[in-house]
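Visitor: Would you be able to build a 3D model of this:
(chains A and B)
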Amino acid sequence: MSAEWLNLYKNALNSNDAYARAASWWTGDFIFVVRASGKLDHDIFAFIGLTHGKCTGVKPIKGEDEYQVVKPGEGASSKDKVAVEYVYEAKYDAWLRILRGELDPVRGLLSGQARIVGDMAKILKATDAAKELVRTSTLIDTEFY
Amino acid sequence: MDEAAREILFHTFKAVIEDVIADKRKNPKNTTTLDEYRARINIGLHVEEEFILWVNLVAEGGKYVVNKGKLDDYDLQLISDPEDMMYFTNRKYSTLKMMFTKNRFGERRLLFSGGTSGRNYGKLLKLPKVLVLDGK
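Guide: Numbers count the residues shown, from 1 in each chain, chains lettered A, B, ... in the order given. Now for the predicted structure:
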């Protein structure tokens, strides 16, 4: 998830009417974590800002020290950290399948191939938005490791 | 399904139950139902054709505790694909759809039976009031 890829993703998300509709009520930023596996020998972190059906910002993150999972409305304990409500994490091999549209992100979660940190009740109310969030990434011409 | 994936699924399912209960407690109308519901339930998470991950839910005194494995003494036993269970919890699938349509393995989306303490259909019928999220 290079800065270039993330910007393409932000533009694609902001052009996705289905996502805008499904997530019109949503507020809650994400960190996507790609854990090293297969051809990837290091972990990758990316911040995805999400508010009311729009992507408000994206940026690569160096590691776990740079973000903090907080409850809605709370800030991070340090100004060096970005506050997010959710972390969605999977190994590179699972992300590959997700990005190729072979693995539904919700099924990934409920088959132990991915994990999420954050309030599950809110996520459960937003499964359509979550699917569009991930489906959008499949629309980008991506170069894999 | 390897051990790491089983562990992740267990913790995801546990978080779902705990967060759904916490969300329902935000609505005072649910307080009595949540506090009075008592049940010991074995839940089989049917994740692969030939594999079911067993967990259990014990509801008593307003507390809901999820643990690994099956209870010897239980009131209900449920088996469902966790994905279907999630769509039941978020109101996408109705109780009827869960009971009468089939899942990706060709089984009914929700298989249920009584327990060592009897049929306990009352506890089964009250379960949606506990585990199904209120509307947005």
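
Visitor: Tell me the secondary structure of the closest residue to chain B within chain A, please.
Guide: Minimum separation of chain A from chain B (C-beta to the nearest C-beta) falls at A:Gly112, amounting to 3.0 Å. Every C-beta, even on glycine, is put in place using the N, C-alpha and C of the backbone. Put simply, A:Gly112 is coil when judged by DSSP: H, G, I helix; E, B strand; the rest coil.

Visitor: B:Arg6 is in contact with that one, correct?
Guide: Yes - in terms of C-beta atoms under 8 Å, A:Gly112 counts as a neighbour of B:Arg6; the distance is 6.1 Å.

Visitor: any idea which element the residue nearest to B:Arg25 when sequence neighbours are not counted lies in?
Guide: In space, and not counting its chain neighbours, B:Arg25 is closest to B:Leu34: 6.3 Å by C-beta to C-beta, 6 or more residues apart in numbering or on different chains. Taking DSSP states H and E as the definition, one finds B:Leu34 inside helix B:31-36.

Visitor: quick check: mean pLDDT across that helix?
Guide: Confidence for helix B:31-36, expressed as mean pLDDT, is 97.

Visitor: Around chain A, pick out the residues from chain B.
Guide: Selection of chain B residues close to chain A by C-beta under 8 Å from any C-beta of the partner chain yields B:1, B:4-9, B:11-13, B:15-16, B:18-20, B:22-23, B:47, B:81-83, B:86-87, B:89-90, B:92, B:133, B:136.

Visitor: what's the neighbour count on A:Val70?
Guide: For A:Val70, the count of nearby residues is 17 (other C-beta atoms under 10 Å in any protein chain shown).

Visitor: The spatially closest residue to it that is not a sequence neighbour and A:Glu66, how far apart?
Guide: Spatial nearest neighbour of A:Val70, chain neighbours left out: A:Ala83 (4.6 Å); criterion: C-beta to C-beta, 6+ apart. Separation of A:Ala83 from A:Glu66 (C-beta to C-beta, to the nearest Å): 11 Å.

Visitor: again, but for A:Phe45
Guide: Taking C-beta to C-beta as the measure, A:Phe45 falls 7 Å from A:Glu66.

Visitor: pLDDT at the residue nearest to A:Val70, what is it?
Guide: Value for A:Ala83, per-residue pLDDT: 95.

Visitor: B:Tyr93 contacts B:Asp81, correct?
Guide: No - contact criterion C-beta under 8 Å: B:Tyr93 and B:Asp81 do not qualify, at 10.7 Å.

Visitor: what is in contact with these two at once?
Guide: Common neighbours of B:Tyr93 and B:Asp81, counting by C-beta atoms under 8 Å, 6 or more residues apart in numbering or on different chains, are B:Arg109.

Visitor: quick one: which of the two has more around it?
Guide: More crowded of B:Tyr93 and B:Asp81, by other C-beta under 10 Å: B:Asp81, with 23 against 19.

Visitor: Report the separation between that one and B:Gly44.
Guide: B:Asp81 is 10 Å from B:Gly44, by C-beta to C-beta.

Visitor: Which residue, other than its chain neighbours, is closest to residue 111?
Guide: Since you didn't name a chain, this refers to chain A. For A:Ser111, ignoring the flanking residues on the chain, the nearest one in space by C-beta to C-beta, 6+ apart is B:Val47 at 5.5 Å.

Visitor: sorry, should have said chain B
Guide: Per C-beta to C-beta, 6+ apart, closest to B:Leu111 is B:Ile79, 4.2 Å.

Visitor: In three-state terms, label the one you found for me.
Guide: Classification of B:Ile79 using three-state DSSP returns strand.

Visitor: That one against B:Phe51, yeah?
Guide: No - counting by C-beta under 8 Å, B:Ile79 stays clear of B:Phe51, with 11.7 Å between them.

Visitor: residues in contact with the nearest residue to B:Glu49 once chain neighbours are set aside?
Guide: With C-beta to C-beta, 6+ apart as the criterion, B:Glu49 has its nearest non-adjacent residue at 5.7 Å, and that residue is B:Phe105. Counting by C-beta under 8 Å, 6+ apart, B:Phe105 touches B:46, B:49, B:81.

Visitor: Lovely, talk soon.
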